[in-house]
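Visitor: Sequence plus the predicted model coming up.
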Amino acid sequence: MSRTSGPQRRSSRILASSATRRSSRGSTPTSPTRGGAATRPAHCAARSAPAPHVRSPSGRRRPARVLLRVPRPPWRPRPARTQSIPTRRCAPSKRASIPMSSAIEKGGHRSLLRRMVTKLPVRQTRILSSRYSACMLGDLGTLALLVLQAPLIGWMCTLVWSSVEHDTPSLHFIMGLSAVWFGCISACREIVKERAIVERERFFGLSLGGYVASKFVVLGAIALVQVLLLQTVIESQLGVTGPFWVQTFALWGAALCGVGLGLWVSALSMRQERAVGAVPLLILPQVLFSSFVIPKSAFSTTVEVVEKFMPTHWSYEVFEQLASIETSGFAILGALGVLVTMTFALGLVSYLSLIPRREVT
């Protein structure tokens, strides 16, 4: 019996084990059962079961991932958009489309145009007015200074005219001039101090018309409070001829014209200091182009024409009609109508001054 070395014995063992593995690949080991029949284990049967296959779009067969695939919901068409106002500065892909059929059914093309022009500015005016009111209430010091100057001016008027038995035309003129002052000094900085914010928000669809209207709403409410305080102080000490509510409308109309003048100057100015410095240029013409500087008989044609554009003149005209013996209702309504027209005209001019020149066509 020949002896073999250690390396030879190890190599023979490796060859024997590889031959055993090759022979076991073709057959599956079986396990005897109680009846003597050989059966395959359950886990071996599960492994040898063919996996389901699916065909890919390219035609190749690949196993289906049954447990990892989540069923998708059935496809449904996207509902039509119902917003009706496209914004100017938004991208074309994000603009809201208007279903023409529904717009025509509700009132035709005129109704569609009316909704496009008026619906969004009204909504933005309400939102901007609430935001502006919150900003004003947050600065109570400035708000108190604006409101309390009205009773202070009224108290000074009572000191000057306390020796006069009846109200005089000069008192009527000072009351109208004070109302214009209230509006100008309140509005002269309100646009120029927010110019950077306005330019940034215009890229997100801010309506300049709604922005200017919100200024008129809030500042007009403050002007109404100032006018009422001025009238209350003067009426308590001096008797002014005429109904209280007519005087209120006349002074409030002059104050709204002052708000329009202040917003116009603020829209044209690039710095707050320039806007505040321009306020005297708005107040002094109210005095110069009036009958309290020179008599009306000495007015030239130019002075007479310029006087018609002064809000103080029309407020003074209302007080003079109320104080006259023969009061003309048509003259009072005409003067109030002129004040309303001037307010809308100044608001339009302020809006046009905010539009960049490259967008004006």
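Guide: Happy to help now that I have it.

Visitor: buried ones in stretch 223-239?
Guide: 223-224, 226-227, 229-231, 233-234, 238 (16 or more other CB atoms under 10 Å). The C-beta positions use only the backbone N, C-alpha and C, and glycine is treated the same way.

Visitor: Let me know the closest of these to residue 168.
Guide: Using CB to CB, residue 238 comes nearest to residue 168 of these, at 9.6 Å.

Visitor: Which parts of the stretch 151-300 of the chain are helices?
Guide: All helices of the stretch 151-300 of the chain, identified by DSSP state H, counting those that start in this stretch, fall at 169-187, 195-201, 208-237, 244-268, 272-277, 279-288.

Visitor: correct me, but residue 222 touches residue 145?
Guide: No. Distance between residue 222 and residue 145: 11.4 Å, which falls outside the contact criterion (CB atoms under 8 Å).

Visitor: between the two, which one's more packed in?
Guide: More neighbours surround residue 222 than the other of residue 222 and residue 145, with 21 against 11 (other CB atoms under 10 Å).

Visitor: tell me the contacts of that one?
Guide: 136, 143, 146-147, 186 (CB atoms under 8 Å, 6 or more residues apart in numbering).

Visitor: Any figure for the gap between the closest residue to residue 274 other than its chain neighbours and residue 282?
Guide: Once flanking residues are discounted, residue 274 sits nearest to residue 192: 7.9 Å by CB to CB, 6 or more residues apart in numbering. Counting by CB to CB, to the nearest Å, the separation of residue 192 from residue 282 is 15 Å.

Visitor: right, and residue 226 touches residue 181 too?
Guide: No. With contact defined as CB under 8 Å, residue 226 does not count as touching residue 181 (9.6 Å).

Visitor: A helix includes residue 325, no?
Guide: No. Under DSSP: H, G, I helix; E, B strand; the rest coil, residue 325 falls outside any helix and is assigned coil.

Visitor: which regions of the stretch 101-250 of the chain sit below the pLDDT cut-off?
Guide: 101-120, 165-166 (pLDDT under 70).

Visitor: Surely residue 183 and residue 258 touch.
Guide: Yes. Look at residue 183 against residue 258 with CB under 8 Å: they come within range, at 2.4 Å.

Visitor: Identify the contacts common to those two.
Guide: Counting by CB under 8 Å, 6+ apart, the shared contacts of residue 183 and residue 258 are residue 223.

Visitor: Packing partners of the helix or strand hosting residue 344?
Guide: When elements are assigned from DSSP states H and E, residue 344 belongs to helix 329-354. Other helices and strands packing on helix 329-354, by 3 or more CB pairs under 8 Å, 6 or more residues apart in numbering; DSSP states H and E, are helix 208-237, helix 244-268, helix 311-323.

Visitor: Would you mind giving those helices as CSV with distance to residue 289 added?
Guide: Formatted as CSV, the helices and strands packed on helix 329-354 follow (distance: least, CB to CB, whole Å):
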stretch, distance to residue 289
helix 208-237, 23
helix 244-268, 14
helix 311-323, 8
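
Visitor: Relative to residue 345, which of the ones you listed is closest?
Guide: helix 244-268 (7.6 Å).

Visitor: Could I get the buried residue list for that closest one?
Guide: For helix 244-268, by 16+ other CB under 10 Å, it's 246-247, 249-268.

Visitor: tilt between it and helix 329-354?
Guide: Using axes from the mean of the first three to the mean of the last three CA atoms, to 10 degrees, the direction of helix 244-268 lies 20 degrees away from that of helix 329-354.

Visitor: all numbers from here: first residue = 721
Guide: With 721 as the first residue, the last one maps to helix 964-988.

Visitor: Quick check on the contacts of residue 942: which are buried?
Guide: 856, 866, 906.

Visitor: Now for the last one: which residues touch it?
Guide: Meaning residue 906. 866, 939, 942-943, 978-979, 982.

Visitor: Specify which member of those is nearest to residue 930.
Guide: Nearest to residue 930, judged by CB to CB, of the contacts of residue 906 is residue 939 at 14.9 Å.

Visitor: Residue 891 contacts residue 960, doesn't it?
Guide: Yes. Between residue 891 and residue 960 there is a contact under CB under 8 Å: 7.4 Å.

Visitor: shared neighbours of those two, anything?
Guide: The contact lists of residue 891 and residue 960 share residue 954, where a contact means CB under 8 Å, 6+ apart.

Visitor: Distance-wise, check residue 1065 relative to residue 1037.
Guide: According to CB to CB, residue 1065 stands 18 Å off from residue 1037.

Visitor: and these two? which has more neighbours close in?
Guide: Ranked by neighbour count (other CB under 10 Å), residue 1065 and residue 1037 place residue 1037 first, with 20 against 14.

Visitor: could you measure the more buried one against residue 993, distance?
Guide: For residue 1037, the distance to residue 993 - CB to CB - is 35 Å.

Visitor: now do residue 863
Guide: For residue 863, the distance to residue 993 - CB to CB - is 21 Å.

Visitor: One more: residue 940?
Guide: 25 Å.

Visitor: for residue 967, same thing?
Guide: Where residue 993 is concerned, residue 967 sits at a distance of 35 Å (CB to CB).

Visitor: again, but for residue 928
Guide: Distance from residue 928 to residue 993, by CB to CB: 24 Å.
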